[in-house]
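*Asks:* Whatever this is, show me its structure:
(chains A and B)
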Amino acid sequence: MASHAVDPHVSSTVQHHFENAEQQKDASTVGMWVFLLTEVMFFGGLFLAYFVYRQAYPAAFAAASNNTNLIIGAANTTVLICSSLTMALAVRSAAIGKSNLIVLFLVLTLVLGGTFLGVKAYEYHDKYVRHEIPGHHFDCRDEAGKACTDAAHTPLFFALYFGMTGLHATHMVVGVGIILFLIGQARKGAYSPEWHTPVELFGLYWHFVDIVWIFLFPLLYLIDRSGAPK
Amino acid sequence: MANHSGHAGPHVVPKLLYFAVFLALIVLTWVTTGVSTVDLGRWNIFVALAIAIVKASLVVLFFMHVWYSTRLTKMIVAASIFWLILLLFLTMADIWTRQMMGVPGR
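*Replies:* Numbering: from 1, shown residues only, chains lettered A, B, ... in the order given. Here you go, the predicted structure:
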């Protein structure tokens, strides 16, 4: 950032309507959290739909969720948590003014996020091959090839599976675009310890997307795994 | 919060804290995966969600720096959780109790 500061106590990165850099940063953080609040309610509606239909058709949900791949799900959760760590380290690098490290950690976050999306695409393809996409050719079968319990209601689970993971993946695709922008800016040296608000706020977004997955993973992959008849 | 040094950077937390939180998240992921294969009857969902809530709290407090945030930010975080609970709990309270009544519309 070019420095035109006349008053040594006011940084040039502070816009005129703010008292100081701290107030400006607090305002940005609050704004981002208000946005995340609306995101919580956005995903909340889908979680509510999941709970309502799981309550209505527990057997169908148990049968259908057993068709997800536990190991792939857990491995992909691990990948996403790794990307949250690299994102947190990118924000920390920005705060202590290490531009090269910001770029490195953002690239790592990008690679890990891309890996997650790739695995998700593999899982979607697997579901497509197994006719588990709700529609005319839908067919829910267990490992042995036997029709799922309460098969008539299993499309509900898969509709929610694709809706919830799809909205989550959409957020990640948007995130990937923003990371690319941030990498470009960081390479130009746009971020300093005094001002790196975009990196910090994007960190909040990325961690939020991670949290959504932290709840999606148990609900879609884990809950009926032990096969207990409900 | 009150930072009068003129330095507006965030509270820089030790790298070690991030690695500790990361390790806890990874361990909890594989614990919840392992526990899911054990039949706990109706408690499976509660154990899985409790672990998810612990993981989410770690991310919110440390990766998202809410632990070090202003009270206004903390209030907004609390509000989002409050509204989510209203949405889920009030609706589910209706869904859970409707069958208890022998009236039309259930």
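*Asks:* Which strands and helices lie in contact with the biggest helix by length in chain A?
*Replies:* If each helix of chain A is counted by residues according to DSSP state H, the longest one is helix A:21-56. Using 3 or more C-beta pairs under 8 Å, 6 or more residues apart in numbering or on different chains; DSSP states H and E, the elements in contact with helix A:21-56 are helix A:154-187, helix A:197-217, helix B:71-85, helix B:91-98. All C-beta atoms are positioned from the backbone trio N, CA, C, and that covers glycine.
*Asks:* give the contact list for A:Thr109.
*Replies:* When the contact criterion is C-beta atoms under 8 Å, 6 or more residues apart in numbering or on different chains, the partners of A:Thr109 are A:83, A:86-87, A:90, A:179, A:206.
*Asks:* hang on, the earlier thing: need the helices and strands packed on helix A:21-56 in JSON lines with mean pLDDT and distance to A:Phe47, can you?
*Replies:* Converted to JSON lines, the helices and strands packed on helix A:21-56 look like this (pLDDT from 0 to 100; distance: least, C-beta to C-beta, whole Å):
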{"stretch": "helix A:154-187", "mean pLDDT": "97", "distance to A:Phe47": "8"}
{"stretch": "helix A:197-217", "mean pLDDT": "97", "distance to A:Phe47": "7"}
{"stretch": "helix B:71-85", "mean pLDDT": "96", "distance to A:Phe47": "8"}
{"stretch": "helix B:91-98", "mean pLDDT": "89", "distance to A:Phe47": "11"}
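*Asks:* which residues of the chain score low on pLDDT?
*Replies:* Picked chain A for this. Applying pLDDT under 70 to the predicted model, the residue ranges of chain A that meet it are A:1-11, A:227-230.
*Asks:* That was the other one, I meant chain B.
*Replies:* B:1-11, B:104-106.
*Asks:* anything in stretch B:28-36 near chain A?
*Replies:* Yes. Remark: stretch B:28-36 sits within contact range of chain A at B:29-30, B:32-33, B:36, by C-beta under 8 Å from any C-beta of the partner chain.
*Asks:* Sort out for me which of those residues are in helices.
*Replies:* Counting by DSSP H, the part of those found in helices is B:29-30, B:32-33, B:36.
*Asks:* and the one helix or strand B:Leu16 maps to, which residues are buried?
*Replies:* Assigned by DSSP states H and E, B:Leu16 falls within helix B:15-36. For helix B:15-36, a neighbour-count test (16 or more other C-beta atoms under 10 Å in any protein chain shown) marks B:18, B:21-22, B:25-26, B:28-29, B:32-33, B:35-36 as buried.
*Asks:* How about chain A: which residue is closest to chain B?
*Replies:* Residue nearest to chain B within chain A (C-beta to the nearest C-beta): A:Ala21, separated by 3.3 Å.
*Asks:* From A:Asn100, how far out is that residue?
*Replies:* When distances are taken as C-beta to C-beta, to the nearest Å, A:Ala21 and A:Asn100 turn out to be 24 Å apart.
*Asks:* between the two, which one's more packed in?
*Replies:* Neighbour totals were compared for A:Ala21 and A:Asn100, and A:Ala21 leads with 23 against 10 (other C-beta atoms under 10 Å in any protein chain shown).
*Asks:* So that one sits against A:His196, correct?
*Replies:* No. Taking contacts as C-beta atoms under 8 Å, A:Ala21 lies outside contact range of A:His196: 11.3 Å.
*Asks:* can you pull the contacts of B:Met92?
*Replies:* If you count contacts by C-beta under 8 Å, 6+ apart, B:Met92 has them with A:48, A:51-52, A:55.
*Asks:* Could you report the separation of it from A:Asp150?
*Replies:* Distance, B:Met92 to A:Asp150, by C-beta to C-beta: 21 Å.
*Asks:* what's the answer for A:Ala59, then?
*Replies:* Relative to A:Asp150, A:Ala59 is positioned 4 Å away (criterion: C-beta to C-beta).
*Asks:* ditto for A:Ala88
*Replies:* Between A:Ala88 and A:Asp150 the distance, using C-beta to C-beta, works out to 43 Å.
*Asks:* Who has more neighbours out of the two?
*Replies:* A direct count of neighbours by other C-beta under 10 Å for A:Ala88 and A:Asp150 places A:Ala88 higher, at 27 against 17.
*Asks:* So what's the residue count around B:Ala78?
*Replies:* Residue neighbour count, defined by other C-beta under 10 Å, stands at 11 for B:Ala78.
*Asks:* same thing with A:Pro134?
*Replies:* Neighbours of A:Pro134 under the rule other C-beta under 10 Å: 17.
*Asks:* what about it, is that helix, strand or coil?
*Replies:* coil (DSSP: H, G, I helix; E, B strand; the rest coil).
*Asks:* Contacts only, for A:Ser83.
*Replies:* Residues in contact with A:Ser83 (C-beta under 8 Å, 6+ apart) are A:108-109, A:112-113, A:116, A:206, A:210.
*Asks:* Sitting in helices, which of those residues do you find?
*Replies:* Judged by DSSP H, the subset of the contacts of A:Ser83 located in helices is A:108-109, A:112-113, A:116, A:206, A:210.
*Asks:* near chain B at all, whichever helix or strand comes after the longest helix of chain A?
*Replies:* For helix A:21-56, the succeeding helix or strand toward the C-terminus, using DSSP H and E, is helix A:58-65. No. When contact is scored as C-beta under 8 Å from any C-beta, no part of helix A:58-65 falls within range of chain B; the minimum is 10.1 Å.
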